[in-house]
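A.B. asks: task: produce atomic coordinates for the following.
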Amino acid sequence: MPSTTPAERRQRARCLPPLRDADGDAIAAFLDALWAESGSARQTLDGYRRDLEGVARWRDGRGGGLVALDRAGLFEYLADRTRDGYSARSNARLLTALRAFFAHLRRRGVRDDDPVALIDPPRLPRSLPKALGEAQVEALLAAPDVDTPEGLRDRAMLELMYACGLRVSELVNLPATAVNLRQGVLRVTGKGGRERLVPLGEEAQHWLERYLAQARPAFAGKRALPTLFLLASGEPPSRQRFWTMVKKSAASAGIDPSKVSPHGLRHSFATHLLNHGADLRALQMLLGHSSLSTTQIYTLVAREKLRQLHATHHPRG
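C.D. replies: Model prediction:
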């Protein structure tokens with residue numbers, strides 16, 4: 001049976017029964033507890049909610065419910081997803097959400113077993129981050145029209161993301177108070193509420209000062225708005241809005257937009273620092289990684305670049 005497209009999956013999901021009150025309440029209680037205990041990011045909580053509600057609505061169509069899910073039902077659901085063409089990475093995220101959900105139910109005494117226990121997550125290929133070349137980054141940063149307030153804002157956002165290695169959610173939600181221009185540092189609140197100080201760099205500081213002096217007052221008016229970056233409406237830009245801007249800037253810079261993403265600037269920040277001799281521990285702190293093993297993926301990028309250079313230029317490559 002051929003796999004379905006994402007559009008077909010969304011249409012199919014709209015035909016499922018509405019969420020049962022019991023399942024909806026259980027999911028909400030779990031997410032509240034997860035946020036209180038671990039300070040999980042909004043994106044993580046939203047992803048868990050979508051996954052758990054998907055299982056719950058699928059189960060309701062078969063006379064069951066999420067809280068009462070058993071191992072046979074879970075295997076049936078996973079088989080359904082495999083036939084529909086969901087990726088191994090997507091299924092791994094689903095199992096992570098279910099494992100955390102049923103651990104919560106066991107702690108509360110709602111369940112005394114875990115249907116996800118002993119189910120191994122699918123093996124995922126280790127993909128290397130996609131980083132732009134330094135010349136490509138320079139072209140991308142120079143793409144916005146800085147003669148307009150919007151272009152000046154976009155330039156400052158791109159410069160700041162590349163200079164500080166920010167996540168998209170960190171960038172669009174930055175409070176104005178996070179910037180210390182006198183010391184040239186940025187205070188960033190990352191995953192799990194962990195804070196880190198990141199140097200701005202001269203270029204990023206220059207464009208940020210111009211944005212604060214020439215563009216932000218036009219967007220904020222006389223309102224004391226907390227977010228650093230603003231749209232003309234005074235609202236902070238969404239992640240989707242920033243994504244669109246990056247794609248537009250890439251096209252203007254002559255870069256294939258399909259090969260550029262906002263997160264690619266964070267990858268470029270890390271890769272370029274390593275290529276220029278940065279210490280891995282320092283890079284871990286700058287990126288806000290809780291584990292050094294997460295940061296070490298970038299050493300593979302640097303090694304792959306060296307391998308390609310050797311193959312291209314060595315007489316016996």
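A.B. asks: residue 190 contacts residue 171, doesn't it?
C.D. replies: No. With contacts defined as C-beta atoms under 8 Å, residue 190 does not count as touching residue 171, sitting 11.3 Å away. Quick note: C-beta positions are derived from backbone N, CA and C, even for glycine.
A.B. asks: surely residue 196 is in a strand?
C.D. replies: Yes. Under DSSP: H, G, I helix; E, B strand; the rest coil, residue 196 sits within a strand.
A.B. asks: and it, what does it touch?
C.D. replies: Taking C-beta atoms under 8 Å, 6 or more residues apart in numbering as the contact definition, residue 196 lies against 187-188, 190, 285-286, 288.
A.B. asks: now list the buried members of the residues you listed.
C.D. replies: Among the contacts of residue 196, those buried by neighbour count (16 or more other C-beta atoms under 10 Å) are 188, 190, 286, 288.
A.B. asks: distance check, the residue lying closest to residue 122 once chain neighbours are set aside against residue 265.
C.D. replies: Nearest residue to residue 122 in three dimensions, chain neighbours excluded: residue 88, at 3.9 Å (C-beta to C-beta, 6 or more residues apart in numbering). Applying C-beta to C-beta, to the nearest Å, the value for residue 88 to residue 265 is 27 Å.
A.B. asks: who's more crowded, those two?
C.D. replies: The neighbour comparison of residue 88 against residue 265 (other C-beta atoms under 10 Å) goes to residue 265, with 28 against 13.
A.B. asks: which helix or strand contains the more buried one?
C.D. replies: Using DSSP states H and E, residue 265 falls within helix 262-275.
A.B. asks: give the buried residues for that helix.
C.D. replies: Here helix 262-275 shows 262-274 as buried, counting by 16+ other C-beta under 10 Å.
A.B. asks: secondary structure element holding residue 50?
C.D. replies: Using DSSP H and E, residue 50 sits in helix 42-60.
A.B. asks: check which element follows that helix along the chain.
C.D. replies: Next along from helix 42-60, by DSSP H and E: helix 71-83.
A.B. asks: what sits up against whichever helix or strand comes after that following helix?
C.D. replies: Next in sequence after helix 71-83, counting helices and strands by DSSP H and E, comes helix 88-107. Outside helix 88-107, the residues that touch it by C-beta under 8 Å, 6+ apart are 26-27, 29-30, 33-34, 47-48, 51-52, 54-55, 66-67, 69, 74, 78, 81-82, 111-116, 119, 121-124.
A.B. asks: residue 144: what secondary structure?
C.D. replies: Under the three-state scheme (three-state DSSP), residue 144 adopts coil.
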